[in-house]
Every structure is written in C-alpha cells, then in structure tokens.
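Enquirer: Need a 3D model of the sequence below.
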Amino acid sequence: MPGGRLTQQERQQIALGLADGLAYAEIARRLDRPTSTVTREVMRNGGPTAYRADLAHRATERRTRRRRQAAPRGAEAPEQAYGRDAEAVREYEELFTTVMMASGMPTMAARVMACLTLADSGSLTASELVQRLQVSPASVSKAIAFLESQAFVRREQGERRRERYVVDDDIWYQSMMASARAIAQVVETARKGVGVLGPGTPAGARLENVARFLDFVSESTARAAEQAREILHTKPGAPAGAAD
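Expert: Residues are numbered from 1 along each chain as shown. Just a heads-up that it's a prediction; the model follows:
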C-alpha cells in the first residue's frame, strides 16, 4: 500500500470517483489507499459535492508551506506527553477533525474541537488555540461561538481574566441533551402542522409520522444520556508517566 501524500493524479481520480457516485471505500480501494485517507481528503476540501482536485492540491501545498514556515529550521517536533508518537498524534487529530466534519460540523469548529479534546488539560485559551492551529483570532472566535451554540464547549475564567474553553465528559452529556431539546422542538412544530393541515390529510398524516418518530428519538436520546452519565461518568486519574 503506497504511503506519503496524495499526488495530483490521485486527487483527480478521487474527483472522478465522486462524480461517478462511488463510495469512499471503493475510491480508496482503487487507489490502494486507506479509506480514512480519502475521507479526510474530501472532507477537508469542500466535501463530496464541492471537491475539486486542483483546488485540493493547491490547498495542501499551502498548508505544507505554512507548517514549514511555522517551524524554525532544524527544530524537532515538540516532545509529547506520556511518550506519545508526535506524528501519530498529528494524524489522529486530522482523523478526529474529519469525523467531526463528516457529522456536519464546520471545518474550523471541527479543528478547534479536536484540539481541545486531544489536549490533556481538556481546556485551552483563545491565544493557545491560535498558536496551535496557526489561524487568526477571529477564526477561533467564530468556531467557539458555533461550538457553544451546540453545547460542545463551555467557558471558564482562567488566570489574569483569560477565558479558557473547556471540553470534558459533561460537555458531551450537555450536547446530547441540547440535541434532544432541539428535536423536541421539531416534534412540537410538526404536531402544530397536523392541526393546521388536518389529521386526515396526506400532509397531516406525514407530519404526524414525523412527530411520532422524532418524539421517540428525542426521549430515547435524553434517557440514554442520563443513564450513561449516571453509570459511566467518572473522573479519570492521571496515568503514571505523565510529562510535567
């Protein structure tokens, strides 16, 4: 199986595969690449409907140049805590970001979410995010605003009045509960539509089916989140060998 970065020709093959409606796994098989490589490539470059091989190739070259400029000559990758492999961590962060994007999260919000989740502290300041991601403060601020709206991030007052953005186990619970509440609002709206259109009409019956289905999903989501929080929510202790 070939390694290294995707070539421009491979990106053209990915674009052709998407145009033909092929699944990521099939495109990856034809390229003799991991499916995750193709998925990450497509999601970070516009998604399946907007992917263009030439734009994706230029974007990758720009990212590579930015990384080289950000790292001083001769500098080695920063030492990782717990003896982690720095390159493996970087690749995993890209994979995590891709999965978040595939779930519908905007690109920068997904990058910030991955950065916060993979930080051992589970929290970073805006300036730390800017430094780690090599993006503008405005980009971080916009991403944080989105993540807060989805209950993925909460704020804490840090030292010198600097806000810290936190991702922890309870955040996922809060996000699931926010999702359940949002679905419940759709249920309420659908049932209002039944009254307007009439329960005996095709459109009214369709809305009633929507309401019943989503009502079940909302209640099940909230109940599962509550149960999981009660059973699984523990504070892990710091493993031995942690770096200072």
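Enquirer: what's the following helix or strand after the strand or helix carrying Q13?
Expert: Here Q13, judged by DSSP states H and E, is contained in helix 8-19. Counting by DSSP H and E, the element after helix 8-19 in chain order, helix or strand, is helix 24-31.
Enquirer: Could you list every helix and strand that the helix holding Q13 packs against?
Expert: Packing partners of helix 8-19 (3 or more Cβ pairs under 8 Å, 6 or more residues apart in numbering; DSSP states H and E): helix 24-31, helix 35-43, helix 53-70. C-beta here means a position set from N, CA and C on the backbone, and glycine is covered the same way.
Enquirer: Compare the ones you listed and report which one is nearest to T97.
Expert: Proximity to T97 (Cβ to Cβ) singles out helix 35-43 among the helices and strands packed on helix 8-19, at 7.9 Å.
Enquirer: Direction-wise, compare the closest one with helix 24-31 and give the angle.
Expert: Using axes from the mean of the first three to the mean of the last three Cα atoms, to 10 degrees, the inter-axis angle of helix 35-43 relative to helix 24-31 is 110 degrees.
Enquirer: Show me what helix 35-43 is in contact with.
Expert: Under the contact criterion Cβ atoms under 8 Å, 6 or more residues apart in numbering, helix 35-43 has outside partners 6, 11, 14, 18, 24-25, 27-28, 31, 48, 51, 56, 94-95, 97-98, 101-102.
Enquirer: Same check on stretch 152-172?
Expert: Contact with stretch 152-172 is made by 112-113, 116-117, 122-127, 129, 144, 147-148, 151, 174-175, 229, 233, as judged by Cβ under 8 Å, 6+ apart.
Enquirer: Check the protein for its longest helix and report it.
Expert: Longest helix in the chain by number of residues (criterion: DSSP state H): helix 202-232.
Enquirer: If you count contacts, what does that helix end up packed against?
Expert: Using 3+ Cβ pairs under 8 Å, 6+ apart, the elements in contact with helix 202-232 are helix 169-197.
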